[in-house]
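In: Make a model of this:
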Amino acid sequence: MAAKIVQNVCVSQWYQQNRQFSTQSRRDYFAPYKNILLPSQQGKLAWIGISFMQFRTLAKHQSDFIIQRNIHCNASAYTSAVPFLDKVDFLKLQNGSDIRGVAIDGVEGEPVNLTEPVAEAIGAAFAGWLVEKKKADPSKHLRVSIGHDSRVSAKFLQNAISRGLVGAGLEVVQYGLASTPAMFNSTLTMDEAAFCPVDGSIMITASHLPFNRNGFKFFTNAGGLGKADIKDILERAADVYNQFTEESLMNTEGKALKSIKKVDYMAVYASDLVKAVRKAAGNIEKPLEGFHIVVDAGNGAGGFFAAKVLEPLGAITTGSQFLEPDGMFPNHIPNPEDKTAMKAVTQAVLDSKADLGIIFDTDVDRSAAVDSAGREFNRNRLIALMSAIVLEEHPGTTIVTDSVTSDGLTSFIEKKLGGKHHRFKRGYKNVIDEAIRLNSVGEESHLAIETSGHGALKENHWLDDGAYLMVKILNKLASARASGRNGGSKVLTELLEGLQEPAFSVELRLKINQNHPDLKGGSFRDYGEAVLKHLENSISADPKLQKAPVNYEGVRVSGYGGWFLLRLSLHDPVLPLNIEAPSNDDAVKLGLTVAAAVKEFAGLDTSALDKFVGVS
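Out: Below is the predicted model of the structure:
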């Protein structure tokens, strides 16, 4: 533990003090000490003990480097371009509607591309985009809030992007450790003490990705930015980056230190969640009194939920785990889809004899739950639970989901609950935008939710907020108690009666080899589309198979009591194949159908599918 703390502090301080040197310069200088800082075994960080003498030696050399840096800067011509900045392909940092990259060393084969100068350029670019978007009066200083999750690279990126914003003339408010939903809320909250509402907001996070990654999500009061906006910002950032001079970098550093404000906005956000539960329970001060609820934050940013939301509502939270922020994520991946993570929170519920367990991802925009018997509310079951709650409040409304939800869920929403299931494309922004579109053309929709745990409600400004989803579940518990029903989480489990769940489900990933001659120099996307078209044609003659009459992504086919969906990944050269069936044998039959159709595509790696269906 001591070694980990020392390492995190060293890396953070070192990046702060030496930000204007290129990644390669840093690596070259610290090469003799790399075995102390970041030992790597097969691409994974392996912690070793650091003695006091080693740490003192490292600190001495770090100090020497700082002195040399100052001499170098004093001797340089400030008006010159910065020769030591790494070349960066900014557009490669785009990940849909987010920006993501490698922020620190530590994983073999993953070079750093999200450096502090890059972050500073992105901050300046967002400033330019925001001023243009808001059509702001030049005399008015727009204000931007910045928060981050628990990653070890968070603070130096926070300060770097702040410098970019301040250098462009914007006001900056840093929130420190925060959740993604809270950052969006800061554009809506009316609270002068918290400098809200802000004009724009930035969350520094890479969701559940490994410790070395990080990135940015952007918001205005209209919601999260879209893909086109992110591309625009990255193109602007590339221009800013190429114009950097040593003088400009030094000037923004001094200017930022004087003007940045710091606020504990998470206290404001948590207070609003508490008020929402109290209101739903009839303005009872402690509507969860006597309920035992454990929280698993996965060492991300969700630890606040136990002490700042549940306990003020009267809940007992003993047995909660991994609440302390730790960007190395030492216990499990903070991901409600991950089996190890779900097993951890389930065990915590059973060990504590709790009524309910709640688990969040790193930045709290996704969540899942576990009832007192250890039954999981995630993926299709979470969608079913939220659909039941929403359809009680808005009978007949349309529930928008991603493409990989089960046929049993459709039957549950439409036949049991009386709603309408609109299955759309993968990607939480796609699902949310589709729900917004349906409302705009007169089809009422109050819930957009993905199997990943991203869920957004119309009443909550279409924000995918994992904490707010859990508040809706807590509201159900509180209102049931207020009406005299004291069955713990049984009231939630009862809502799922009638949900048909597949006996067997599997996801296989068929990778496209972009260097294979079969692609003939074309894009992986064109090749993937050709595979899908061929599959669609090949199954049309089989009477045992039926193509979905309405489908927005890939090829979805029913047969043998189950279904399969082959689609093209949103970002990667991969064709994911989802299969659900009454048995393993039936799933294999569906798999064989796909295998027969795609076998002639030599650029497609079908080894995972071949292994599943038993083809050698």
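In: For the closest residue to residue 226 other than its chain neighbours, list the residues it contacts.
Out: Spatially, and ignoring its direct neighbours in sequence, residue 226 is nearest to residue 97 (5.6 Å; C-beta to C-beta, 6 or more residues apart in numbering). Using the backbone N, CA and C atoms, a C-beta is placed for each residue, glycine as well. The contact partners of residue 97, taken as C-beta atoms under 8 Å, 6 or more residues apart in numbering, are 217, 224, 225, 226, 227, 229, 230, 429.
In: if you set the cut-off to 6 Å instead, what comes out?
Out: Neighbouring residues of residue 97 by C-beta atoms under 6 Å, 6 or more residues apart in numbering: 226, 227, 230, 429.
In: ranking those by neighbours, who comes first?
Out: Counting neighbours by other C-beta atoms under 10 Å, residue 230 leads those with 24 neighbours.
In: check which helix or strand covers that residue.
Out: Assigned by DSSP states H and E, residue 230 falls within helix 227-242.
In: how far out from the middle of the chain is that helix?
Out: Computed by C-alpha atoms, centre = their mean, to the nearest Å, the chain-centroid distance of helix 227-242 equals 21 Å.
In: before we move on, what about stretch 450-458?
Out: Mean-position distance between stretch 450-458 and its chain equals 12 Å (C-alpha atoms, centre = their mean).
In: how far does that stretch stretch from start to finish?
Out: 15 Å (C-alpha to C-alpha, to the nearest Å).
In: who touches the helix holding residue 230?
Out: Helix 227-242 is contacted from outside by 90, 91, 94, 97, 121, 122, 124, 125, 126, 128, 129, using C-beta under 6 Å, 6+ apart.
In: make it 7 Å
Out: The contact list for helix 227-242, computed with C-beta atoms under 7 Å, 6 or more residues apart in numbering, reads 88, 90-91, 93-94, 96-97, 99, 117-118, 121-122, 124-126, 128-129.
In: just stretch 110-122 next, same as before
Out: 15, 19-20, 23, 85-86, 88, 93, 99, 101-105, 156-157, 160-161, 163-164, 212, 214, 216, 233, 237, 240-241, 244, 252.
In: In the helix holding residue 230, which residues have enough neighbours to count as buried?
Out: 229, 230, 232, 233, 234, 236, 237, 238, 240, 241 (16 or more other C-beta atoms under 10 Å).
In: so what's the fourth one closest to, chain neighbours aside?
Out: The one in question is residue 233. residue 125 (4.8 Å).
In: what's the distance between that neighbour and residue 137?
Out: According to C-beta to C-beta, to the nearest Å, residue 125 stands 21 Å off from residue 137.
In: What of residue 329?
Out: Counting by C-beta to C-beta - residue 329 and residue 137 are separated by 44 Å.
In: quick one: which of these two has more around it?
Out: Neighbours were counted for residue 329 and for residue 137 using other C-beta under 10 Å; residue 329 has more, 21 against 9.
In: In a helix, that one, correct?
Out: No: per DSSP: H, G, I helix; E, B strand; the rest coil, residue 329 lies outside any helix segment and is coil.
In: Can you report how many residues neighbour the nearest residue to it once chain neighbours are set aside?
Out: In space, and not counting its chain neighbours, residue 329 is closest to residue 299: 5.4 Å by C-beta to C-beta, 6+ apart. By other C-beta under 10 Å, the residues close to residue 299 number 23.
In: Also residue 576?
Out: 18.
In: Would you confirm that it contacts residue 564?
Out: No: using C-beta atoms under 7 Å, residue 576 makes no contact with residue 564, being 10.8 Å away.
In: Quick one: distance of the helix or strand where residue 563 lies to the chain centre.
Out: Take DSSP H and E as the rule and residue 563 turns out to sit in strand 562-566. Relative to the centre of its chain, strand 562-566 is centred 26 Å away, using C-alpha atoms, centre = their mean.
In: So residue 218 belongs to a strand, correct?
Out: Yes: membership of residue 218 in a strand is supported by three-state DSSP.
In: quick one: the nearest residue to it once chain neighbours are set aside from residue 445, how far?
Out: If the residues on either side of it in the chain are set aside, residue 218 comes closest to residue 225, at 4.5 Å by C-beta to C-beta, 6+ apart. Applying C-beta to C-beta, the value for residue 225 to residue 445 is 22 Å.
In: any idea which residue sits dead centre in this protein?
Out: The geometric centre of the chain, computed from its C-alpha atoms, lies nearest to residue 207 (C-alpha atoms, centre = their mean), at 3.3 Å.
In: wait, that residue sits on residue 361?
Out: Yes: counting by C-beta under 7 Å, residue 361 is a contact partner of residue 207 at 6.0 Å.
In: Excluding residues flanking it in the chain, which one is nearest residue 316?
Out: residue 292 (4.4 Å).
In: shouldn't that neighbour be in contact with residue 314?
Out: No: when contacts are counted by C-beta under 7 Å, residue 292 is not listed as touching residue 314 (10.9 Å).
In: These two: which is more packed in?
Out: residue 292 (21 against 16).
In: least trustworthy helix or strand in the chain by mean pLDDT?
Out: helix 52-75 (a mean of 29; mean pLDDT, DSSP states H and E).
In: how about the helices of the stretch 451-600 of the chain, start to end?
Out: 466-482, 490-494, 524-539, 584-598 (DSSP state H, counting those that start in this stretch).
In: Kind regards, and thank you for your time.
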